[in-house]
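A.B. asks: with the input below, show me the fold.
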Amino acid sequence: PPANNYGTPNKESGELLSEEVVIPPNTRVELRDDRNQYSHGFSDDKGTQVSEQGRLITTNGGWEYVLAKSGSYSYISPEGIPITVEYIADENGFRAKGSHIPGQ
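C.D. replies: Model (predicted):
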């Protein structure tokens with residue numbers, strides 16, 4: 001099985017360990033806890049890398065749960081330029097950032 005750099009989710013706080021994950025080429029990793037919080041990622045030998053974490057957060061005064069996601073993906077453009085997008089999707093919507101995205 002492939003090695004990974006993920007830690008075990010902390011069930012009490014709903015937090016996952018490190019959001020910065022280094023994935024060796026041609027590797028896929030996935031971890032999930034009993035609350036369906038997760039960390040997963042993959043990479044290939046062409047420079048594509050994906051990493052995503054999902055954790056439950058409470059809203060509405062603690063009465064509801066939302067699955068908040070954060071992560072990034074990287075690839076090499078046809079022009080040979082490395083492209084990286086980092087994103088967050090939670091109760092406040094979807095937000096992405098990257099040096100190639102207009103207005104950033």
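A.B. asks: least trustworthy helix or strand in this protein by mean pLDDT?
C.D. replies: Lowest on mean pLDDT, DSSP states H and E among the helices and strands of the chain sits strand 27-32, with a mean of 83.
A.B. asks: which of the residues in that one are buried?
C.D. replies: By 16 or more other Cβ atoms under 10 Å, the buried positions in strand 27-32 come out as 29, 31. Every C-beta, even on glycine, is put in place using the N, C-alpha and C of the backbone.
A.B. asks: what does stretch 41-60 give?
C.D. replies: So stretch 41-60, judged by 16+ other Cβ under 10 Å, has buried residues 41-43, 49-55.
A.B. asks: quick one: the helix or strand that residue 75 is a member of to chain centroid distance?
C.D. replies: Using DSSP states H and E, residue 75 maps to strand 64-76. Centroid separation for strand 64-76 versus its chain: 4 Å, with Cα atoms, centre = their mean, to the nearest Å.
A.B. asks: any idea of the mean pLDDT in that strand?
C.D. replies: For strand 64-76, the mean pLDDT works out to 93.
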